[in-house]
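S.K.: this is a predicted model, with the sequence first.
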Amino acid sequence: METTQELSFINTLLPLVGVLFVIAMGVILLNQHFHKNLYRQQLEQEELKNLHQQQLLQSSIHVQEEERKRIAQDLHDELGAALSIARMHLVQLEQKQTDPELNKALQMVRVTTESALAAMRRLSHELMPPQLESFGVVKTLESVCDQINSADRISIHLEASDDLPRWPAAIELTLYRIAMEMINNTIKHAQAQNIRMVLSQESQGVQFIYTDDGRGIKKTISYGLGFKNMEVRVKAVGGVLETPSRPLGFHASLLIPLKPTVE
Amino acid sequence: MDEIVGLINKSAPLPVLVTSGYALLIYRRLTGELKIFTWFLFLSGFIQITSSILWFNRTNNLPLLHLYVAGGLVCLAWFYAGVLKGFIDGRIIWGGAILFSCFTITNSLFFQEIYTFNSNALTVESILVIILSLFTFIVLLNDMVKEQKSHLVKSLNWINSGLFIYYTSSLLIFYFGDLFTKKFPVFLNQYTWALHAFFSLVMYSCFFVGLWKRPKS
């Protein structure tokens, strides 16, 4: 009798335990599925945030470059024109003037005007080299190399194949600005004799390698504003900039993907 | 005691009708998941009115319960699929609802005929709703979900609480339903159903508060 009662009790209770087990398992499995989905959503949100940040960077760099371009144009067209006219008048006055003392003074003013004109041209070119838009980054860097080599202080060499295509304006501008920043750093701080730049197109994107034989950068040194600017520019085009530490010289490798990460 | 039990049993349809009537009144002003949920309330209201009419005519109204169990779970699955959209694959919920519908049809055709109490289907329905409501509590606790559904969280919590309270409390009544009807005296049966009516009252009160606390703008 007792066994029958026990059996009846077990028959009623066991399915109930099963029911509770099913509920618990159901909740646990759904919870796991939920956390997986939540993780995916968090990743998507992070990606969106990064994308947004990249777009902000791009737009801020774009605004900066547009402003530089405008200033360069204004300098060239307005100040440049005014200085050229002033120089022309000075030349005419020089030719008309017979008084040698006054002529000498006029000559001095003309030379000063000419050096101001040259400085203005240099500034305007530095702000936005006109050949960058027309001939591309390779030709512009070649021209920079020629200028630096002509000064005989440092030897700079650019290796780039002739059949390199033109890249999107944002990439070309980034390459130019980074190359210029590195060259400036080398000239100012590295005490280097030689600079070597290699520009190529790989399957992953545009590759730019920069090396000099100067003092190099110590691991402990904190990077300045120039380097941070380079990082910002690289980030804006979705590139990767590596500057491995070396006992001698400075080495940097930059890879910019050609497929835009921002749509 | 008997009077109280009788009163509870007699007034059981009232909260259902009040809540579904209120849902009908504010239907146009509701959005998203709350609008979906009102279909469950409309179904409950319709079943309640029809079963009361049948009860007054002394006709067996249990076939309506069979219909209500299947339709109710489909409505709740629709509601939960909406609430949990983006956090769980909707196919899991809909798959469960379809399987349950097949099960309840089979149960009504071969195991517990439509003129008998369908305790099997009610038990399984309770299990599914408990799983979904417990899981929804976990989901609604998450900060990211709170942020995404900030305007609906209060209403959803009330509705989910109502469903959780009713189905967990009634699970045992449904589980032992057949046994109660067959083996226990009528007065004990009445007590059990009075208890069930009380749980139902709590659930519909929660629904009412949930709809009341709906996003107003």
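M.R.: On my side now, so go ahead. Numbering: from 1, shown residues only, chains lettered A, B, ... in the order given.
S.K.: report the mean per-residue pLDDT for stretch A:149-159.
M.R.: Averaged over stretch A:149-159, pLDDT sits at 89.
S.K.: also stretch A:246-263?
M.R.: The average pLDDT for stretch A:246-263 rounds to 77.
S.K.: equivalent analysis for stretch A:117-137, please.
M.R.: 87.
S.K.: quick check: end-to-end length of that stretch?
M.R.: End-to-end distance for stretch A:117-137, by Cα to Cα, to the nearest Å: 25 Å.
S.K.: what are the buried residues along it?
M.R.: A:117, A:120, A:124-125, A:127-129, A:132, A:136-137 (16 or more other Cβ atoms under 10 Å in any protein chain shown). C-beta coordinates here come from the backbone N, C-alpha and C atoms, glycine included.
S.K.: mind listing residues that contact it?
M.R.: Outside stretch A:117-137, the residues within contact range by Cβ atoms under 8 Å, 6 or more residues apart in numbering or on different chains are A:65, A:68-69, A:71-73, A:75-76, A:79-80, A:83-84, A:87, A:139-140, A:143, A:166-167, A:169, A:172-173, A:175-176, A:179-180, A:199.
S.K.: how about chain B: which residue is closest to chain A?
M.R.: Residue nearest to chain A within chain B: residue B:131 (3.6 Å; Cβ to the nearest Cβ).
S.K.: next structured bit after the host helix or strand of that residue?
M.R.: If you go by DSSP states H and E, residue B:131 is part of helix B:119-141. Per DSSP H and E, the first helix or strand lying C-terminal to helix B:119-141 is helix B:143-148.
S.K.: what's the offset of that following helix from the middle of its chain?
M.R.: Put simply, helix B:143-148 sits 26 Å off its chain's centre (Cα atoms, centre = their mean, to the nearest Å).
S.K.: repeat for stretch A:38-46
M.R.: In terms of Cα atoms, centre = their mean, the centre of stretch A:38-46 is found 28 Å from the chain centre.
S.K.: name the element the closest residue to residue B:129 other than its chain neighbours belongs to?
M.R.: Nearest non-adjacent residue to residue B:129, counting by Cβ to Cβ, 6 or more residues apart in numbering or on different chains: residue B:167, 4.4 Å away. Assigned by DSSP H and E, residue B:167 falls within helix B:153-175.
S.K.: contacts made by whichever helix or strand comes after that helix with the rest, please.
M.R.: Downstream of helix B:153-175, the next assigned helix or strand under DSSP H and E is helix B:177-183. Residues outside helix B:177-183 that contact it (Cβ under 8 Å, 6+ apart): A:12, B:112, B:117, B:119, B:122, B:173, B:188-189, B:192.
S.K.: what packs against the next helix or strand after helix B:177-183?
M.R.: Per DSSP H and E, the first helix or strand lying C-terminal to helix B:177-183 is helix B:186-212. Helix B:186-212 sits against helix B:2-11, helix B:13-26, helix B:32-56, helix B:153-175, helix B:177-183, with contacts defined as 3 or more Cβ pairs under 8 Å, 6 or more residues apart in numbering or on different chains; DSSP states H and E.
S.K.: which of the residues in helix B:186-212 are buried?
M.R.: B:191-211.
S.K.: same question for stretch B:92-103.
M.R.: Here stretch B:92-103 shows B:93, B:96-97, B:100-101, B:103 as buried, counting by 16+ other Cβ under 10 Å.
S.K.: can you list contacts of stretch B:98-110?
M.R.: Contacts with stretch B:98-110, where a contact means Cβ under 8 Å, 6+ apart, come from B:66, B:69-70, B:73-74, B:114, B:118, B:120-121, B:124-125, B:128.
S.K.: list the contacts of the closest residue to chain B within chain A.
M.R.: Using Cβ to the nearest Cβ, residue A:26 is the residue of chain A that sits closest to chain B, at 3.6 Å. Listed by Cβ under 8 Å, 6+ apart, the contact set of residue A:26 reads B:127-128, B:131, B:135.
S.K.: which bits of chain B sit near chain A?
M.R.: B:84, B:86-89, B:92, B:123, B:127-128, B:130-132, B:134-135, B:138-139, B:142, B:144, B:171, B:175-176, B:179 (Cβ under 8 Å from any Cβ of the partner chain).
S.K.: from the residues you listed, which would you call buried?
M.R.: For the residues of chain B next to chain A, a burial check counting by 16+ other Cβ under 10 Å picks out B:84, B:87-89, B:123, B:127-128, B:130-132, B:134-135, B:139, B:171, B:175-176.
S.K.: mind listing what's buried along the helix or strand that residue A:147 is a member of?
M.R.: Taking DSSP H and E as the criterion, residue A:147 maps to helix A:137-150. Buried residues in helix A:137-150, counted by 16+ other Cβ under 10 Å: A:137-138, A:140-141, A:144-145, A:148.
S.K.: buried stuff in the next helix or strand after it?
M.R.: Next helix or strand after helix A:137-150 toward the C-terminus (DSSP H and E): strand A:155-160. Using 16+ other Cβ under 10 Å as the test for burial, strand A:155-160 gives A:156, A:158, A:160.
S.K.: next one: stretch A:29-47
M.R.: Residues A:30, A:33-34, A:37-38 are the ones in stretch A:29-47 that count as buried (16+ other Cβ under 10 Å).
S.K.: in helices, which of those residues appear?
M.R.: Per DSSP state H, helices hold the following members of those: A:30, A:33-34, A:37-38.
S.K.: now pLDDT and distance to chain B too, for these, in CSV please.
M.R.: Output for those, formatted as CSV (pLDDT from 0 to 100; distance: Cβ to the nearest Cβ, whole Å):
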residue, pLDDT, distance to chain B
A:30, 89, 4
A:33, 88, 6
A:34, 89, 5
A:37, 87, 5
A:38, 86, 7
